[in-house]
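J.: dropping the sequence and predicted coords here.
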Amino acid sequence: MDPTRQRGPHTFPARRSAFTLIELLVVIAIIALLIGILLPALGKARASARAVVAGTNARGVGQGVAVYTAENKSFFPPSYMYGSQETGLTWSFADQQTRNPTPVNGYVHWSMALFDGEGTAGEAFENPALSNGGAPRTNPGADEEDWEDNQRNDVGQTAANAQNLPRDRQLARVGFAGNGAIFPRNKFQSSAGRRLNRLVKESEIQTTARTILLAELYDSGNSWSSLADPNDVGEFTIKSHRPITPFKGIASGFGDAVYNEPSIPGPGANVPRFAYPSTDPDVGELVENDEDKGEGSMLDRGVDMAGQPHGGTGNFCFVDGHVERLTTLETVEQRLWGDRFYSLTGNGTRIRLEPRPGN
């Protein structure tokens with residue numbers, strides 16, 4: 001070998017065993033940036049998925065109502081009835097008074113009229129966008145897991161001292177409520193001089209594609225205090241068995257007061273005695289609630305029970321079975337709850353149509 005072609009000794013550079021501090025900081029900053037970019041997108045994807053599931057479930061409940069009406073001479077179910085026994089689904093018209101004559105019997109809810117049981121079918125009434133999938137029974141029974149914090153049932157029991165009875169025949173969690181002008185409350189036997197409830201036939205509703213059948217419930221995020229009796233302090237009853245009452249009596253007002261709205265005979269029989277709540281902020285009857293990011297509204301136990309858990313909108317299922325995503329305010333402005341208080345007896349059940357906003 002030609003010695004002139006020999007090469008001198010070679011040395012290899014020492015291997016670096018770790019990143020420098022600056023390199024680590026750069027990597028951490030990149031990871032944090034990626035997380036900051038991805039997390040909102042993942043959160044939006046999850047929220048969108050919950051909204052889709054809620055809409056699908058609302059449509060499923062609407063289909064269940066359609067089956068019920070087909071099997072029951074076109075009548076919609078009542079939202080609830082006082083049970084005639086401690087268990088089972090039986091009820092009597094004679095028991096449907098202003099107050100429950102046998103409180104231990106609890107309520108028979110329309111969810112059980114559609115889904116007789118609490119298996120997979122009952123999941124259609126749940127809503128993944130709401131606390132615990134929906135509101136608990138008003139009378140949950142003895143299982144503490146079925147109760148909410150600070151909840152008290154109709155006979156004063158709490159989760160700590162609950163007995164087996166009363167236990168409502170209602171799915172364990174409900175994320176939807178019916179339109180009270182279609183799903184009547186159970187006041188079929190009442191005091192003289194008051195309006196009563198009546199069952200409603202599907203054929204009575206002329207604009208099925210523009211009349212809301214059911215809506216997602218408003219979840220306050222505070223153990224369902226959004227469905228509490230306004231007079232409760234501390235522990236409260238959660239009135240999940242009640243429908244959404246969309247109208248007010250022109251003379252009497254909101255809530256149970258609609259039963260006292262005068263039923264004028266003779267020439268005044270066809271004069272509307274009910275109205276949509278005002279959307280004028282100065283009146284304060286129906287106003288989007290900024291503190292809750294548009295998730296609720298302010299009204300005395302009327303359409304404020306309808307929630308907006310999907311970015312300020314909620315799923316509303318219409319009588320014809322289709323579902324739309326709207327705000328509660330839009331449903332009132334567009335008069336989508338109907339043109340008559342179908343579920344009340346007496347004259348003047350048509351709805352007085354106020355001028356639309358901007359007109």
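T.: Sure, I can see it. Residues are numbered from 1 along each chain as shown.
J.: find the residue ranges of this structure scoring beneath the pLDDT cut-off.
T.: Within the chain, the stretches with pLDDT under 70 are 1-19, 41-44, 116-122, 190-192, 287-301, 355-359.
J.: centroid-nearest residue for it?
T.: For the chain, Leu217 is the residue whose C-alpha lies nearest the centre (CA atoms, centre = their mean; 1.4 Å).
J.: hang on, it packs against Gly175?
T.: Yes - taking contacts as CB atoms under 8 Å, Leu217 lies within contact range of Gly175: 5.9 Å. For glycine as for every other residue, the C-beta is placed from the backbone atoms N, C-alpha and C.
J.: shared neighbours, those two?
T.: 127, 130, 134-135 (CB atoms under 8 Å, 6 or more residues apart in numbering).
J.: strands of the stretch 201-350 of the chain, start to end?
T.: Applying DSSP state E, counting those that start in this stretch to the stretch 201-350 of the chain gives strands spanning 212-216, 248-249, 274-275, 314-318, 323-326.
J.: for the residue nearest to the centre of the chain, what are its contacts?
T.: So Leu217 contacts 127, 130, 134-135, 174-177, 226-227, 240, 305-307 (CB under 8 Å, 6+ apart).
J.: tell me the one among those residues nearest to Asp339.
T.: Distances from Asp339 to the contacts of Leu217, taken as CB to CB, are shortest for Ala306 (18.2 Å).
J.: can you pull the contacts of the residue nearest to that closest one when sequence neighbours are not counted?
T.: For Ala306, ignoring the flanking residues on the chain, the nearest one in space by CB to CB, 6 or more residues apart in numbering is Ala215 at 4.2 Å. Listed by CB under 8 Å, 6+ apart, the contact partners of Ala215 are 58, 176-177, 179, 244, 305-307, 314-317, 331.
J.: and of the contacts of Leu217, the nearest to Leu353?
T.: For the contacts of Leu217, the residue nearest Leu353 by CB to CB is Ala306; the value is 20.0 Å.
J.: wait, doesn't the closest one sit right on Gly314?
T.: Yes - the criterion here is CB under 8 Å, and Ala306 meets it with Gly314 at 6.2 Å.
J.: show me whatever sits in contact with both of these two.
T.: Jointly contacting Ala306 and Gly314 under the rule CB under 8 Å, 6+ apart are 215-216, 328.
J.: quick one on the thing from earlier: let me have the contacts of Leu217 in TSV, extended by distance to Asn197 and neighbour count.
T.: What follows is the contacts of Leu217, written out as TSV (distance: CB to CB, whole Å; neighbours: other CB atoms under 10 Å):
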residue	distance to Asn197	neighbour count
Asn127	26	29
Leu130	27	23
Gly134	24	25
Ala135	22	29
Val174	20	24
Gly175	24	29
Phe176	20	29
Ala177	16	27
Ser226	24	20
Leu227	20	24
Ser240	18	28
Met305	17	26
Ala306	20	29
Gly307	24	28
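J.: and those residues as TSV, adding distance to Gly284?
T.: Output for those, formatted as TSV (distance: CB to CB, whole Å):
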residue	distance to Gly284
Asn127	28
Leu130	26
Gly134	29
Ala135	26
Val174	29
Gly175	28
Phe176	27
Ala177	23
Ser226	18
Leu227	21
Ser240	26
Met305	17
Ala306	18
Gly307	20
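J.: returning to that earlier point: which of the contacts of Ala215 lies closest to Ile264?
T.: In terms of CB to CB, no member of the contacts of Ala215 lies closer to Ile264 than Asn179, at 24.8 Å.
J.: ok, that closest one - contacts?
T.: 211-215, 243-244, 246, 337-338.
J.: can you tell me which of those is closest to Asn100?
T.: Pro243 (16.9 Å).
J.: for Ala32, see how far away the closest one is.
T.: With distances taken as CB to CB, to the nearest Å, Pro243 is found 49 Å from Ala32.
J.: so these two - more neighbours on which side?
T.: Set Pro243 next to Ala32 and count neighbours by other CB atoms under 10 Å: Pro243 wins out with 22 against 10.
J.: looks like that one contacts Phe183 (just checking).
T.: Yes - counting by CB under 8 Å, Pro243 touches Phe183, with 4.6 Å between them.
J.: hey, what's Arg340 bridged with?
T.: Beta-bridge partners of Arg340, counted by DSSP bridges, are Arg350.
J.: that one: neighbour count?
T.: Neighbours of Arg340 (other CB under 10 Å): 20.
J.: identify the residues contacting it.
T.: By CB under 8 Å, 6+ apart, the contact set of Arg340 is 181, 204, 349-351.
J.: Asp229 too?
T.: Applying CB under 8 Å, 6+ apart, we find Asp229 in contact with 236-237, 239.
J.: distance of it relative to Glu216?
T.: Separation of Asp229 from Glu216 (CB to CB) stands at 21 Å.
J.: what do you get for Val155?
T.: Look at Val155 and Glu216: by CB to CB, they are 29 Å apart.
J.: those two - which one has more neighbours?
T.: More crowded of Val155 and Glu216, by other CB under 10 Å: Glu216, with 29 against 15.
J.: the more buried one contacts Gly314, correct?
T.: Yes - contact criterion CB under 8 Å: Glu216 and Gly314 qualify, at 4.5 Å.
J.: tell me the contacts of Asp168?
T.: Going by CB under 8 Å, 6+ apart, Asp168 touches 106-109, 137-141, 241.
J.: got phi/psi on the residue nearest to Gly180 when sequence neighbours are not counted?
T.: Excluding its sequence neighbours, the residue lying closest to Gly180 (CB to CB, 6+ apart) is Pro243, at 3.6 Å. In terms of degrees, to the nearest 10, the main-chain angles of Pro243 are phi -80, psi 170.
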